[in-house]
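Q: Here is the input, now give the coordinates:
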Amino acid sequence: MKIDIQLFAAARDAAGDGVVSLHLSDTADVAELRRSLTNAVPALAPLATSLLVAVNHQYADDSVPLKDSDEVACFPPVSGG
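A: Presented below is the predicted three-dimensional model:
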């Protein structure tokens with residue numbers, strides 16, 4: 001399946017683009033997406049374990065399965081005050 005991942009903040013800066021398209025297996029989950037994203041965009045490796053992943057507007061852990069029509073977004077953790 002093909003998934004377009006929207007990237008925000010430091011993830012977008014590291015990738016040099018706001019959207020990355022990946023081809024994943026039909027049984028892919030968020031963990032596979034993280035691995036594939038880091039392989040496709042090595043500059044994201046330092047952020048990979050801390051990226052927050054949202055699938056269809058809901059934060060998702062690594063075990064969440066993906067479907068071809070899912071909307072996926074990645075956000076680095078933010079802090080501030």
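Q: for residue 51, phi and psi?
A: phi -60, psi 140 (degrees, to the nearest 10).
Q: Isn't it up against residue 72?
A: No: the pair residue 51 / residue 72 is not scored as a contact, 10.9 Å apart, by Cβ atoms under 8 Å. C-beta coordinates here come from the backbone N, C-alpha and C atoms, glycine included.
Q: Quick one: end-to-end distance for stretch 42-57.
A: 25 Å (Cα to Cα, to the nearest Å).
Q: which helices and strands does the lowest-mean-pLDDT helix or strand in the chain pack with?
A: Least confident element among the helices and strands of the chain, by mean pLDDT, DSSP states H and E: helix 9-15 (a mean of 94). Helix 9-15 sits against strand 72-75, with contacts defined as 3 or more Cβ pairs under 8 Å, 6 or more residues apart in numbering; DSSP states H and E.
Q: which residues are contacting the strand it packs on?
A: For strand 72-75, the surrounding residues in contact (Cβ atoms under 8 Å, 6 or more residues apart in numbering) are 3-9, 11, 33, 37, 51-55, 66.
Q: Quick check: closest non-adjacent residue to residue 66.
A: Residue nearest to residue 66 in three dimensions, not counting chain neighbours: residue 28, with 4.9 Å by Cβ to Cβ, 6 or more residues apart in numbering.
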